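> generate a structure from the sequence data that follows.
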Amino acid sequence: MSIICHADISKSTDFNLQHNITIFKDGKLVFMSVSGKGDARYEVPMARSSHTGDYQCAVEAGGKIKHSDSLHVWVTGMTKPILIAEKKEVFEGEVVKLRCELPEEVPPLYFVFQKMKVNSTPKQKLQEELYRNFSVVEFPVDEGDDILQFDCFGQRRVRFEFETSLTSNKTLITVKEPFIKPTLHIKPSSNITEGKEIRFECSTVVAKMRDIEIILLRNKTILSSVRDQTTLKYSAVATLEDSGEYLCKVEEGKASKTTTHNVVVTELFPKPILTASMNELDEHKELTLSCSIKDFQNASFSILRKHSSRDILLRNSRNLTMRASVNDTGSYICKAEVNRIVKESKPVTIRVYAPVSMPSISVFSGLPEVVLGRPLNLTCCLMMGTPPITFTFYKGNKNKKKIVTNNTCAAFLDKDIRQNDKGQYKCGAKNHHSSGMKTSKVLNITVIVPIRNTSLGSVPYGVVEDGRETTFLCSVEEGSWPIHFRIFRKMDRDILLFERSEHADRIVWQKKEMSRQDTGTYYCIASNRANVSAKSHPITINVILASWQKGVITAFVLIPIAGVMILAVWWFWCKKKNAKGPSMEMSRSALATNSTSEKLSRQHNDGDYYSGSGYIEDGENHMKSTDENKGPDLESAEVEYTEVEVSTLDPHRAPVQKGTETVYSEIRKANNGFCNVLFSWQGAGRGNITLMRTCF
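The predicted structure follows:
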């Protein structure tokens, strides 16, 4: 087969162009050529199925490359495989090793081997080879194989189909027996009466003594075996248990042959029967065991007690009488022997009962109480009594539960607990002893009602004065006594203020003196033996100032204000009094002195208003000239005018004059300077007085 790649390239006549031509099969390079021609040929001397595939070529010239279309080539047929056997003769139990090869074929390949024998369906084995064109398999040689014929053929997957080769040459294999089928002889006969000796002999003939083993089995149980011998012998005294199928098996390697025979053993005498005067009895009562064989008397009897390790012989007799105790409880058998045949009776179980002691009933948790809504776990126990024991639990006079157990204690869970239950429980215990049931004492159970609806109140409520007493009341709506009350103040970490246990549904706590620091939120928690705490809703208490504290604060605030006001009024009154008194005195002294009076009269006649200079009287009544106080501060002098209405004149002063009369009052020393006070009086009788105060 030739695969030709042709390239049609245009070029100048005298230009020599090299062509690189490559041919691919299924994407793999199979041929390459470099020449000045535009053709390349891939020669396949002898086409095989392995040449089936998709071919494509590529041409590169002058730096350019071009690919052809894909061409599918299908080479039909495969080479005929060659089958070779390792041996031409084999023994049963050995294996036949075969090698099948497809010359000049390329993997992956499939090989199918066939084993054929006369009048049977061929057996096939399929082998896949990914990296070689041959395969090796082994076929076992089974018992009964005589002349075997083997062949093989190959296959290749082409796209979605299989290409199958012709069948190889056929190879014949001769099978030889390593030993003949064994023979089994039974003496004296396969039908025998028990008590007689029975003998077995199993033999075979071997081609070559090599790891031969003979095995004798009865009902798939091995009785005896020998190795590297051609005969096995076995004997035993026949019993009924010896009846069944016997198998003689000869093995060598993987080869084996068998022979079977059935043996029937006739019964010499039946099994003995053990009877007891009673199977269940009270301790210290009499027990009689008797062993017998139906329609047969000539036998040796023995009575035994069965034990886990070995049977204990009690007496070699057909009868046994004893005073029973609790330790005599167990299984008993009897044996009978005739002509070396020993038969055993079925076991008889004897139970000896000790009476039950008085039971005691208690609560599993220890305390004789139960929380309402929770189950009550009771136990009933007794010190002695042979099991099985029947326990009965009573609630009041009602039978609540019956339990049969091999233990000396039983448990009862009462889920029907109510608040008005009287809680009277007892239990009874009995076994098969004739004394009957014994009853425990009555157990009284207290039903504990959990705390429900806790509340907290206070008097006064909400607001309390500083220093006053506050009463807290913590109460519950329901709950069994005693109740443990706790009162807390809510803070970053709640502070326990008070706690007490009381046989009451409420508790009162008095806090003697409340302070501003006690302002906050309070709550209480109540609990009892139910171990369930109930928390109240919080209440808020605000501590305010007491009445006397308010009065003190008011006094401290108002008294200074009142004092300031009083001082201001007093100062003003003193100022007015000081302004009026000295002026009047100076007027009287002026009227008394003629020279001064005349001067005043002349000055009065000169005008309606007079303002003159005078003297300053200090605290020691010394007169000083006001001219000494004149200076530049007069420019910043403060002037005040006050008009006073006067109704009468002092009779000790100067006589009334018509018109306006001005009298100088005084000049007093101020804190930061001097004040000049002037006044004028105009009119007779009820006149007007004008005061003028100048400070500098």
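
> okay, and Leu558 sits in which element?
Taking DSSP states H and E as the definition, Leu558 sits inside helix 547-592.

> check the gap between the closest residue in space to Thr519 that isn't next to it in sequence and Lys511 for me.
The spatial neighbour of Thr519 that comes closest, neighbours along the chain excluded (CB to CB, 6 or more residues apart in numbering), is Val543 at 4.7 Å. Where C-beta positions appear, they are placed from N, C-alpha and C, glycine not excepted. Distance of Val543 to Lys511, given as CB to CB, to the nearest Å: 11 Å.

> then His19?
For His19, the distance to Lys511 equals 117 Å [CB to CB].

> now do Ser35
Remark: distance between Ser35 and Lys511 (CB to CB) = 121 Å.

> quick one: which of those two has more around it?
Between Ser35 and Lys511, Lys511 has the larger neighbour count (other CB atoms under 10 Å), namely 19 against 11.

> show me the contacts for that one.
469-472, 497, 518 (CB atoms under 8 Å, 6 or more residues apart in numbering).

> now with 6 Å?
Thr470 (CB atoms under 6 Å, 6 or more residues apart in numbering).

> per-residue confidence for it?
Predicted confidence (pLDDT) for Lys511: 86.

> now do the phi/psi pair for it.
phi -100, psi 120 (degrees, to the nearest 10).

> so, low pLDDT: which residues of the stretch 551-696 of the chain?
Applying pLDDT under 70 to the stretch 551-696 of the chain flags the ranges 579-696.

> do the same with the chain
If you take pLDDT under 70 as the line, the chain has these spans: 11-15, 546-550, 579-696.

> show me where it has helices.
Shown for the chain, the helices assigned by DSSP state H span residues 547-592, 594-606.

> please enumerate the strands of the stretch 101-250 of the chain.
For the stretch 101-250 of the chain, the strands defined by DSSP state E, counting those that start in this stretch cover 109-116, 123-129, 134-140, 147-158, 161-164, 171-176, 183-187, 191-193, 197-203, 212-218, 221-227, 231-237, 244-252.

> what lines up beside the shortest one in the sheet?
Translated: strand 191-193. strand 255-266 (parallel) (DSSP bridges).

> can you check the fourth one too?
Sheet pairing here is set by DSSP bridges, and for strand 147-158 it gives strand 109-116 (antiparallel), strand 161-164 (antiparallel), strand 171-176 (antiparallel).

> the first one to strand 123-129, inter-axis angle?
Here strand 109-116 points in a direction 160 degrees away from that of strand 123-129 (axes from the mean of the first three to the mean of the last three CA atoms, to 10 degrees).

> the nearest residue to Thr266 once chain neighbours are set aside and Asp242, how far apart?
Excluding the flanking residues, the one nearest Thr266 by CB to CB, 6+ apart is Thr193, at 4.5 Å. Distance, Thr193 to Asp242, using CB to CB: 11 Å.

> those two: which has the busier surroundings?
A count of neighbours by other CB under 10 Å puts Asp242 above the other of Thr193 and Asp242, at 18 against 13.

> wait, that one touches Val265, no?
Yes - at 5.0 Å, Asp242 counts as touching Val265 under the criterion of CB atoms under 6 Å.

> in stretch 459-472, what counts as buried?
Of all the residues in stretch 459-472, those buried under the rule 16 or more other CB atoms under 10 Å are 464-466, 470, 472.

> likewise for stretch 39-58?
Neighbour counts over stretch 39-58 (16+ other CB under 10 Å) mark 40, 42, 48-53, 55-58 as buried.

> got TSV for these, with distance to Asn279 too?
Output for those, formatted as TSV (distance: CB to CB, whole Å):
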residue	distance to Asn279
Ala40	108
Tyr42	102
Arg48	91
Ser49	87
Ser50	88
His51	93
Thr52	89
Gly53	91
Tyr55	97
Gln56	98
Cys57	103
Ala58	103
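
> tell me which two of the residues you listed sit farthest apart.
Ser49 and Ala58 (25.7 Å; CB to CB).

> any idea how far the residue nearest to Thr266 lies from Leu240?
Computed as CB to CB, the Thr193 to Leu240 distance reads 10 Å.

> could you do Thr288 as well?
Separation of Thr288 from Leu240 (CB to CB): 29 Å.

> so for the two, which sits in the more crowded spot?
Taking other CB under 10 Å, Thr288 and Leu240 do not tie; Leu240 has more neighbours (15 against 12).

> need the contact list for that one.
Shown in contact with Leu240 (CB under 6 Å, 6+ apart): 194, 265, 267.

> wait, isn't the second one in contact with Thr193?
Okay, so that is Val265. No - the pair Val265 and Thr193 does not pass the contact test of CB under 6 Å, sitting 7.2 Å apart.

> give me the nearest residue to Leu102, chain neighbours excluded.
Nearest residue to Leu102, sequence neighbours excluded (CB to CB, 6+ apart): Gly154, at 4.4 Å.

> typo on my end, Val352
Ala324 (4.5 Å).

> do you know how far the one you found is from Ser317?
Distance from Ala324 to Ser317, counting by CB to CB: 18 Å.

> more neighbours: those two, which one.
Shown here are Ala324 and Ser317; by other CB under 10 Å, Ala324 has more neighbours (20 against 14).
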